[in-house]
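1. 3D model of this:
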Amino acid sequence: MSDAPVETASPPSPDALEEDDHGLDFSGRTVLTLCGFLAAALAALYFLLPKLAGLHDTWRRIEDGSPWWMAAALAFTIGMFAGYGAMFRGVFKDDRIGWRASFQITLAGLAASRIFAAGGAGGLVLQAWALRQAGLTRRVVADKTISFLVLTYAPYAFAVIVCGFGLRLGVFPGEAPLSMTLVPAIIALVMVALTLAVVLVPPDLHHRLPTGRLTRKLAHVPASSSAGVRDALRHLRSRDPALLGATLYWAFQLAVVWAAFHAFGDPPPLAVLIQGFFVGMLGNLLPIPGGVGGVEGGMIGAYAAFGVDAGLAVVAVLVFRAFTFWLPLIPGVIAFFRLRGTVDRWRRERGATIQSKA
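-> Residues are numbered from 1 along each chain as shown. Prediction:
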């Protein structure tokens, strides 16, 4: 497989520094307004869901939860974000983006994924915006973002395949409904095969096609996808320790769920815990900010399908989401405002460089 050519570009004009700031409205007013919406959604979800489910003792169970296991869940949450930041730094290695900027981008991106759009789209847009302001070219940002996504979701697919088939074949203990085990495992296998098949596309496809602006523009998508998957495979072969961040990101999330179940009762078998978590997380694809309500409902429904007590599943999932979704929203918003300051500094530095070369 040939490597994708490294794209270089001449320094942009000062006006071009602003051109990537219009994908989403990242103004402070917009962020605070949408945070208000999420606060209302939080109140509705945590107070109405238990009543709608007929679980009126949910809050009493939460009050009786073990504080030690709650503290463990908080510690695992911190580990989750550390892993995610390390993963970002491992993929986007650039002298202009240090560890501080990496964590600003990842924390702000995770907050944006909750505030702006479903399926993490808002976080990806903010991440791309920040990377462009740091001086990375569009092609590099596109290739590396795809590489980042492939590496981040590889443990997800692997876990669904192993646990899905393992539960269905009786290798792992626990109930094994077809819709929660074999079906998602096969879908994950197909997605992995399609992702690997993308490497067959030349990463410079847009240069090989006949002259034509529209044709070449359309070819950028498969070409960049191929380059991104190839880059992900190179990272895996290099055994970069930072790439363990992806595994830690998911492992610590599962640890939060495990601790939340322990706080209120006995957790389900490990394979059931993992499979119910990943299948339920598909609720994040619903077209609502951050999958609010969709993820909670998906996870609770998945665990119920595996025979987990509904009341225990509700409190465990709500606590899990409180730690990994709602609590980090505060440092995420703070990181967003700090990131804007970092972006302003990058712009000033780039503008000074352009003027010195004029």
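2. so what's the gap between the helix or strand containing K144 and the chain middle?
-> K144 is located in helix 138-168, with elements delineated by DSSP states H and E. Put simply, helix 138-168 sits 10 Å off its chain's centre (CA atoms, centre = their mean, to the nearest Å).
3. any idea of the mean pLDDT in it?
-> Helix 138-168 carries an average pLDDT of 92.
4. okay, the angle between the helix or strand that comes right after that helix and helix 138-168?
-> Using DSSP H and E, the helix or strand that follows helix 138-168 in sequence is helix 182-197. Relative orientation of helix 182-197 versus helix 138-168 (axes from the mean of the first three to the mean of the last three CA atoms, to 10 degrees): 150 degrees.
5. which parts of helix 182-197 are buried?
-> 182, 184-185, 188, 192, 195 (16 or more other CB atoms under 10 Å). Every residue, glycine included, has its C-beta placed from N, CA and C.
6. and if you look at stretch 326-338?
-> 326, 328-329, 331-333, 335-336, 338.
7. which of those fall within helices?
-> 329, 331-333, 335-336, 338 (DSSP state H).
8. in CSV, list those residues along with distance to F261 and pLDDT.
-> Converted to CSV, those look like this (distance: CB to CB, whole Å; pLDDT from 0 to 100):
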residue, distance to F261, pLDDT
L329, 23, 77
P331, 25, 84
G332, 26, 83
V333, 29, 81
A335, 30, 87
F336, 32, 85
R338, 35, 88
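9. just send these back as a markdown table, with distance to V160 too.
-> Shown next, in a markdown table, are these (distance: CB to CB, whole Å):
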| residue | distance to V160 |
| --- | --- |
| L329 | 27 |
| P331 | 30 |
| G332 | 27 |
| V333 | 32 |
| A335 | 30 |
| F336 | 31 |
| R338 | 35 |
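10. assumed F88 was part of a helix.
-> Yes - with DSSP: H, G, I helix; E, B strand; the rest coil as the criterion, F88 is part of a helix.
11. any weak-confidence spans in this structure?
-> Flagging of the chain using pLDDT under 70 yields the residue ranges 1-63, 114-121, 205-219, 286-293, 352-355, 357-358.
12. kindly recompute the last result at 50.
-> The model of the chain has pLDDT under 50 over residues 1-25, 52-54.
13. what ranges do the helices span in it?
-> 28-52, 58-63, 67-91, 99-115, 121-133, 138-168, 182-197, 205-208, 213-238, 244-264, 270-280, 294-305, 310-321, 329-357.
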